[in-house]
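Q: No letters, just coordinates:
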């Protein structure tokens, strides 16, 4: 019985999809998107959302290894980047109207510093 359950779990886990990109064609560049949930999509790279206006972005629980401020959407106020694989210092060079930022639980290393250069 245990072998059967293990086999079923293995089959289910091996069928999980990995998305390497986000299809931004689903978003409108002229409208304001109040919430975009890209969590739990196994994204390996941060999608370039700089052409879009998004107020709240949840991009947590992915496999993203590098953060690029230039790929953030316009108008961003709330950002959840937790549970990713970022291992370098996170730097914000541009003044933004951020109310909430979450970079917690980053594997394999926990970022100790978020730098604001403005």
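A: Thanks, I have the structure now. Please read all numbers here as calculations on a predicted model, not as lab measurements. Residues are numbered from 1 along each chain as shown.

Q: How many residues are close by residue 53?
A: Residue 53: 17 surrounding residues under other C-beta atoms under 10 Å. To be clear about C-beta, it is placed using only N, CA and C from the backbone, and glycine gets the same treatment.

Q: what's across from it in the sheet?
A: Here residue 53 sits in beta bridges with residue 32, residue 74, as judged by DSSP bridges.

Q: So that it lines up with my notes, have the first residue be 637 from now on.
A: All set: I'll call the first residue 637, so the last point we hit is now residue 689.

Q: Could you pull up the contacting residues of it?
A: 667-669, 709-711 (C-beta atoms under 8 Å, 6 or more residues apart in numbering).

Q: Would you list the phi and psi of residue 705?
A: phi -60, psi -30 (degrees, to the nearest 10).

Q: no wait, residue 660
A: According to degrees, to the nearest 10, residue 660 has phi -80, psi 0.

Q: what's the answer for residue 715, then?
A: phi -130, psi 120.

Q: now swap in residue 718 and tell me
A: In terms of degrees, to the nearest 10, the main-chain angles of residue 718 are phi -70, psi 160.
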